[in-house]
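Student: heads up, no residue letters with this:
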């Protein structure tokens, strides 16, 4: 028995038949759909390497069952840029060396995008640190990440429907 779900994934509609109702969004993205940007770091929702946006909100994809997302809009790092034009957060991460090994970078970027869209980033370092606290970087690139989020936040307008 399969369970059909429909998702809008990176702006495109997808009809997916789930063989197992226990598959997480992360495993669906990586193993079934070939979108490997979101990383499986801890698989417990503690590191943020799997952060994606669902209906505009940041989530840990390793904790979300795919079956619960029928009708949802999912945005991953693969859908963030528009062609060759980088998203402002991606460009800021490059400009401020907001990464080292790169393993956590997709999750960091998606969390920063969500934080800015929610209108919760601003340019206050403490506010940004608190908002990004669910995303860990083993390399310790936090200074560059902070500067990247400050820069992108100053350039981007928060969504009008932000909470």
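Tutor: Received the coordinates, thanks. Computed from a predicted structure; not experimentally measured.

Student: CA atoms for contacts and neighbours, from now on please.
Tutor: OK.

Student: Next, count neighbours for residue 138.
Tutor: Number of residues near residue 138 (other CA atoms under 10 Å) recorded here: 11.

Student: again with residue 47
Tutor: Number of residues near residue 47 (other CA under 10 Å) recorded here: 22.

Student: Equivalent analysis for the one 3 residues further on, please.
Tutor: Using other CA under 10 Å, the number of residues around residue 50 comes to 31.

Student: For this structure, just list every one of the strands.
Tutor: Assigned by DSSP state E, the chain shows strands spanning 3-9, 12-18, 51-54, 57-60, 73-75.

Student: hmm, who's touching the second one?
Tutor: In this case it means strand 12-18. When contacts are defined by CA atoms under 8 Å, 6 or more residues apart in numbering, strand 12-18 is touched by residues 2, 3, 4, 5, 6, 7, 8, 67.

Student: can you pull the contacts of the third one?
Tutor: With CA under 8 Å, 6+ apart as the criterion, the residues that contact residue 4 are 15, 16, 17, 18.

Student: let's see 6 Å
Tutor: Residues near residue 4 by CA atoms under 6 Å, 6 or more residues apart in numbering: 16, 17.

Student: related to what we said a few turns ago, going by neighbour count, which of the contacts of strand 12-18 are buried?
Tutor: By neighbour count, with 16 or more other CA atoms under 10 Å, those hold 5, 6, 7, 8, 67 as buried.

Student: what's the distance between the last one and residue 28?
Tutor: Spatial separation of residue 67 from residue 28 under the definition CA to CA, to the nearest Å is 10 Å.

Student: and if you look at residue 39?
Tutor: Taking CA to CA, one finds residue 39 at 12 Å from residue 28.

Student: ok, the two, which is more surrounded?
Tutor: Applying other CA under 10 Å to residue 39 and residue 28 shows that residue 39 carries more neighbours, namely 24 against 18.

Student: Residue 129: how many residues sit nearby?
Tutor: Counted with other CA under 10 Å, residues neighbouring residue 129 total 16.

Student: Per-residue confidence, it, what does it come out as?
Tutor: pLDDT recorded at residue 129 is 96.

Student: now swap in residue 161 and tell me
Tutor: pLDDT at residue 161 comes out at 43.

Student: what are the ranges of the helices in the protein?
Tutor: 25-27, 88-95, 105-117, 125-131, 142-155 (DSSP state H).
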